[in-house]
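Student: A predicted structure for the sequence below; I have some questions about it.
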Amino acid sequence: MASERLVFVNLPVRDLERSMRFFRALGFEFNPQFTDEKAACMVLSDKGYVMLLTEPFFATFTTKKVADASSTTECTVAISATSREEVDALVGKALELEASEVGEARDYGFMYQRSFYDLDGHLWEVLYMQPGA
């Protein structure tokens, strides 16, 4: 069943320890069972995870050149928040930790969204959707 699927987003990072410090400071935890010197399993939820992989290790999983997220966009990672205030708090904290903001906040009435580039240039969107919208 689709509702039973787990999601693993894999992102290449230049400095694994620095990236882990950044995301820990944003409130995310790591599963030590799947974390070592080449990879870290960041827990988004009980069904969603982000694998932060050192660039050389990430390269072993593909035959294509690894994108340089500081100059190209390889994907957008969107995560939900429980309120508009949580969106602002999470993005605000990311900016304090040297992330860079992407454009202005977007308010669609039923959805509120802000975006930032992490330390490696990966695009993260944080959004709150009105229940029942």
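Tutor: Okay, I see it. Numbers count the residues shown, from 1 in each chain.
Student: The nearest residue to Arg106 once chain neighbours are set aside and Val66: what is the separation?
Tutor: Excluding the flanking residues, the one nearest Arg106 by Cβ to Cβ, 6 or more residues apart in numbering is Gln113, at 4.7 Å. To be clear about C-beta, it is placed using only N, CA and C from the backbone, and glycine gets the same treatment. To Val66, Gln113 is 28 Å away according to Cβ to Cβ, to the nearest Å.
Student: of those two, who's got more company?
Tutor: Gln113 (19 against 14; other Cβ atoms under 10 Å).
Student: Can you check my assumption that that one lies in a strand?
Tutor: Yes - with DSSP: H, G, I helix; E, B strand; the rest coil as the criterion, Gln113 is located in a strand.
Student: got a list of contacts for stretch 25-39?
Tutor: With contact meaning Cβ atoms under 8 Å, 6 or more residues apart in numbering, stretch 25-39 is reached by 16, 20, 23-24, 40-44, 49, 51-54, 56-57, 90, 93-94, 97.
Student: Residue ranges in the protein under the pLDDT threshold?
Tutor: 1-2, 133 (pLDDT under 70).
Student: how's it carved up into domains?
Tutor: According to automatic domain parsing, the chain comprises the domains 1-61, 71-133.
Student: shouldn't Arg114 be in contact with Ala89?
Tutor: No - under the criterion of Cβ atoms under 8 Å, Arg114 is not in contact with Ala89, lying 10.4 Å apart.
Student: ok, these two, which is more surrounded?
Tutor: Arg114 (25 against 15).
Student: Which parts of this structure are helices?
Tutor: According to DSSP state H, the chain carries its helices in the segments 16-25, 55-59, 84-96.
Student: got a markdown table for those, with distance to Asp107 too?
Tutor: Formatted as a markdown table, the helices of the chain follow (distance: least, Cβ to Cβ, whole Å):
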| stretch | distance to Asp107 |
| --- | --- |
| helix 16-25 | 26 |
| helix 55-59 | 35 |
| helix 84-96 | 8 |
